[in-house]
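Asks: I would like to see how this sequence folds:
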Amino acid sequence: MDPSGCLALSTRTDFAAYIDLLRNVTGGDFSLVKDCKTNVCGALWGSGNPDISGIGMAIGYILESFICACLVAISMWFERSAKGHPTIGRLLVANATRTFFDNAIFFAFAIQTASIITLSGVDFGVNAVGMGGFTVEIAWLVSSLTLLPLLPMVLRPESFLESGATDAARRRSSNGTDISQVGHEESGSGADGPSGSLSDARRGQRFVLFVICWAMGFCPFFSRMGGTFGEWRHYVKEHCLTNAGESRIGSSPNTAITFEEWSVIAGVCFEGVSTISSDERNLTTAFGILSYLLLSIVVISKILSSALEDKDHKQNWLTKCYSAFGGGIIGWYTRLGIDVVVVIALVVQFWAFFRLRQLQSVMIRAAGGSFPDGQWTFGQIVAIVVFVPVAAEVMFVWKRRSLYL
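Replies: Numbers count the residues shown, from 1 in each chain. Below is the predicted model:
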């Protein structure tokens, strides 16, 4: 095949237009794809995108989940064992939690924004450069991987406070009052201010930022749903490129390519490569959908509970139910159950992230290309440095602890 023809096949925008170009270059004989294997396989399934799945970005995703898990676990231990008065341990955790959340929420905001822009370009056929099929699936995953770890913190606003809940607050929580509503009101100092009003305002600000990121995450979720349950979903399991569920492969007149022709291309690109099984893909899809539905249930319930509570703070049936599950021993175990689901969902999706990344690497190297995700780029370094302030804050508070206690 003419080398200039292979060069023209290196990038694509609209899927149907690319198939037409591929048909013209090969004269309809898709077995000739082997002559331009690197170009075609990279354009259709992606040759890697360091800004999404590079080694630095992967470390950033892991750091976010790891730091969050550590802070939540320590906060849970304080919640069950420590007294209401400030201690150096609680002081360190509260300041680290505030700093981490402020950085992580904007990291998630950046990922959601990038996901919306890139996935919209792919789904609507505007621009799919660097966004092959595997890269699209990875983009779905990272949208969830950056937002889901923050859910346990949103459910534990007392973890942002130096003094937590006092014994009096614990007694109120046993009567149905949310323990998180009174944690800081009985402390006299802290970064969130000397009054409970400022603490409530900060808590509201964090929740609003989380809601914004959750709302933005609907675009990747919708893209995933379209790609999974679209008209040609049965062929997605055979490495088909996903585009908003629109039928692009099949035997109907308006399709771009038949199943048989697509099988020839996939056979060339995945020759000798161990691909993802149907069960593995279904598991990943199930937990991806579960993650966003869990986020939605928590966010919507909190919004409705706040909206239905009148100015005199009289409780209706919904707010009473929310208080019952938000405070006391029932609330503690409810949040623990959500934490377990979050951990399982994160483990499955991290496995899928690295599995797709490894599969993409093997495919592109087998095709004779190079895998760029192992290289360090500007954005990958930023993804790691964004969490450095957490360590800096802990060291500062420890060194200047006499100013806080």
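Asks: from here on, contacts and neighbour counts on C-alpha atoms
Replies: OK.
Asks: any idea of the pLDDT on Ile138?
Replies: Here, the pLDDT recorded for Ile138 equals 88.
Asks: let me redo that: Thr11
Replies: pLDDT, Thr11: 73.
Asks: so what's the backbone phi/psi at it?
Replies: Dihedral pair for Thr11: phi -130, psi 160, per degrees, to the nearest 10.
Asks: ok, it to Val33 distance?
Replies: For Thr11, the distance to Val33 (CA to CA, to the nearest Å) stands at 14 Å.
Asks: what residues does the closest residue to Thr97 other than its chain neighbours make contact with?
Replies: The spatially closest residue to Thr97, leaving aside those adjacent along the chain, is Phe160, at 5.9 Å (CA to CA, 6 or more residues apart in numbering). Contacts for Phe160 (CA atoms under 8 Å, 6 or more residues apart in numbering) come out as Val93, Ala94, Asn95, Thr97, Arg98.
Asks: picking up where we left off before, and Thr11 and Val33? Which one has more around it.
Replies: Neighbour count, other CA atoms under 10 Å: between Thr11 and Val33, Val33 has more, with 24 against 20.
Asks: and that one, how far from Ala256?
Replies: 17 Å.
Asks: hey, where'd the helices end up in the stretch 1-150 of the chain?
Replies: For the stretch 1-150 of the chain, the helices defined by DSSP state H, counting those that start in this stretch occupy 3-8, 15-26, 37-45, 50-53, 55-81, 88-123, 133-147.
Asks: just say helix, strand or coil for Glu271.
Replies: Three-state assignment for Glu271 (DSSP: H, G, I helix; E, B strand; the rest coil): coil.
Asks: and it, how far from Val342?
Replies: 36 Å.
Asks: cool, Glu79 as well?
Replies: To Val342, Glu79 is 20 Å away according to CA to CA.
Asks: what's the closest of the contacts of Phe160 to Val347?
Replies: Thr97 (22.0 Å; CA to CA).
Asks: didn't the closest one look like it was pressed against Glu158?
Replies: No. With contact defined as CA atoms under 8 Å, Thr97 does not count as touching Glu158 (10.3 Å).
Asks: now the strands for the stretch 151-300 of the chain?
Replies: With DSSP state E, counting those that start in this stretch, there are no strands along the stretch 151-300 of the chain.
Asks: what about it, any weak spots by pLDDT?
Replies: 163-196, 227-248, 250-253 (pLDDT under 70).
Asks: now with 80?
Replies: Applying pLDDT under 80 to the stretch 151-300 of the chain flags residues 162-198, 226-256, 259, 271-276.
Asks: where exactly do the helices run in it?
Replies: Under DSSP H, counting those that start in this stretch, the stretch 151-300 of the chain gives helices at 151-154, 167-174, 196-216, 218-229, 233-236, 259-269, 278-308.
Asks: what about those helices, which gets the closest to Val347?
Replies: helix 278-308 (9.8 Å).
Asks: list the buried residues in the closest one.
Replies: Neighbour counts over helix 278-308 (16 or more other CA atoms under 10 Å) mark Thr284, Thr285, Phe287, Gly288, Ile289, Ser291, Tyr292, Leu295, Ser296, Val299, Ser305 as buried.
Asks: nearest to Leu403 among those?
Replies: Nearest to Leu403 among those: Val299, at 36.6 Å, using CA to CA.
Asks: gap between that closest one and Ala201?
Replies: Where Ala201 is concerned, Val299 sits at a distance of 17 Å (CA to CA).
Asks: ok, now Asp29?
Replies: Asp29 sits 65 Å away from Ala201, going by CA to CA.
Asks: do Val40 as well
Replies: Taking CA to CA, one finds Val40 at 53 Å from Ala201.
Asks: give me the more crowded residue out of these two.
Replies: Regarding Val40 and Ala201, a neighbour count based on other CA under 10 Å identifies Val40 as having more, with 27 against 12.
Asks: you'd agree the more buried one is up against Leu32?
Replies: No. Assessed by CA under 8 Å, Val40 is found out of contact with Leu32, at 10.7 Å.
Asks: got the contact list for the most centrally placed residue in the chain?
Replies: Nearest to the geometric centre of the chain sits Ser144, at 2.1 Å (CA atoms, centre = their mean). Each residue near Ser144 by CA under 8 Å, 6+ apart is listed here: Gly217, Gly288, Ser291, Tyr292.
Asks: turn these into a markdown table, columns for distance to Ser75.
Replies: Supplementary listing: these in a markdown table, determined by distance: CA to CA, whole Å:
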| residue | distance to Ser75 |
| --- | --- |
| Gly217 | 27 |
| Gly288 | 27 |
| Ser291 | 23 |
| Tyr292 | 25 |
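Asks: quick check: phi and psi at Ser274.
Replies: Main-chain dihedrals, Ser274, degrees, to the nearest 10: phi -80, psi 110.
Asks: can you report how many residues lie near it?
Replies: For Ser274, the count of nearby residues is 10 (other CA under 10 Å).
Asks: now it. Nearest residue, chain neighbours left out?
Replies: Of all residues not flanking Ser274 in the chain, Leu359 sits nearest, at 7.7 Å (CA to CA, 6+ apart).
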